[in-house]
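Return atomic coordinates for the entry below.
(one chain, ligands or ions: 1)
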Amino acid sequence: MLKVENITKYYGENLAVDHLSFTVKSGEIFGLLGSNGAGKTTTFRIIMGLLDSNSGTVTLDGKKIDYSVTDHIGFVTEERSLLTKMTVEEQVIYYGRLKGLKEEEIRKRLDEWLEKFQIKDYKKRKIKELSKGNQQKIQFIAAVINEPKLLILDEPFTGLDPINVGQLKDAIYELQKKGCSIIFSSHQMEHIEQFCEKLLILVKGRPVLEGYLKDIKEEYQKKNIMIRGDIDPQELQAIPGVLGVHKKANEYEVKIESNKVVEKVFKKISHKNITKFVVEEPSLNEIFIAKVGESYDE
Ligand code: ATP
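Reported below is the predicted structural model:
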């Protein structure tokens, strides 16, 4: 289990992370979200032992971060950290040896991964000759070759087509099943929604929302009603508690303040010709924008 307790980081006068705490259990996928400059990269660097915090502690399975612990952490970032003149094989062997693995074991695991990602033919190719998407896959393989206890994924899907996104997701689920703790960061909320049971939103280094996605959605009062049929949007807009009515393709999205407004909307249109009336949870995207916006207004 990864335990981040009360970490604070200043760059000079600039407070980048402000008393941040969270835990990621074994086999859990945790989403760390935040707007640009919120403090995610700084937090990752502290977890990986690349940067010292001013206060607070980070432990993995009860041990403070040092070299013996960082050998059990894998990191995939958007900026590719590959040595592009090396071949795929040389690269992965190099990283595996750095993490203390024997060459024979690395070769065996590499073959399995290349097979899984359907890129067996690239083993002897130089990294610089590979497409961006395939370089991303190699970076992933290099990060997980030591079967890490903790895997940090910072925008891992950037530049990947949908088929490759699917392959990488399957690989991540496989690691999760083996008990790896995974921290996932992305600005693409649909990935977070699909992937993370638990999440934390950072604004200016401070958490503004934290918990299980299911609970966050339930607690967030605002809902959307999707209606298809013959309605008058202005009539609905006039109902107290209706925040907006928007046409989306062949239906209307009625944004409401809380569940209490559902009945009022229903009464207003129940005598009309309606073929769909569905109350939906808001998307994580909407919640993110609302929460981050609120915090900036404070
Ligand atoms: P993004 O989503 O844009 O990658 P982030 O959430 O990863 O952003 P950080 O890179 O951790 O955010 O930055 C947090 C704050 O710390 C920002 O105000 C940033 O300007 C500042 N900062 C980051 N790195 C340094 C540095 N090396 N020296 C000084 N200030 C820094």
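
For residue 63, give me its contacts.
Listed by Cβ atoms under 8 Å, 6 or more residues apart in numbering, the contact partners of residue 63 are residue 69. For every residue, glycine as well, the C-beta is placed using N, CA and C.

oh, I was asking about residue 92
For residue 92, the contacting residues are 106, 110, 138, 141-142, 145, by Cβ under 8 Å, 6+ apart.

Residue 258 contacts residue 241, correct?
Yes - using Cβ atoms under 8 Å, residue 258 is in contact with residue 241, at 6.9 Å.

Looking at the two, which is more packed in?
residue 241 (14 against 11; other Cβ atoms under 10 Å).

For the stretch 151-298 of the chain, which segments count as helices?
For the stretch 151-298 of the chain, helices defined by DSSP state H, counting those that start in this stretch occupy the ranges 162-177, 189-195, 213-219, 233-237, 261-269, 284-297.

looking at those, which is closest to the ligand?
Nearest of the helices of the stretch 151-298 of the chain to the ligand, taken as Cβ to the nearest ligand atom: helix 284-297 at 11.6 Å.

which residue does the stretch 51-200 of the chain bring closest to the ligand?
For the stretch 51-200 of the chain, Cβ to the nearest ligand atom, closest residue to the ligand: residue 187, 6.9 Å.

got the domain boundaries for this structure?
The record's domain parsing of the chain by automatic domain parsing lists 2-217, 221-280.

for those domains, which one ends up most surrounded?
Among those, the stretch with the highest mean neighbour count (mean count of other Cβ atoms under 10 Å) is domain 2-217, at a mean of 17.

distance between the ends of that domain?
End-to-end span of domain 2-217 (Cα to Cα, to the nearest Å): 25 Å.

residues in this protein within reach of the ligand, list them.
11, 14, 16, 34, 36-42 (Cβ under 6 Å from any ligand atom).

Now with 8 Å, please.
Applying Cβ under 8 Å from any ligand atom, we find that the chain lies next to the ligand at 9, 11-12, 14, 16-17, 34-45, 154, 185, 187, 202, 204-205.

Give me the below-cutoff pLDDT ranges for the stretch 151-298 of the chain.
Residue ranges of the stretch 151-298 of the chain with pLDDT under 70: 295-298.

rerun that using 90 as the cut-off
Residues of the stretch 151-298 of the chain meeting the criterion pLDDT under 90: 155-162, 186-195, 197, 214-215, 217-223, 230, 248-249, 257-259, 270-272, 280-298.
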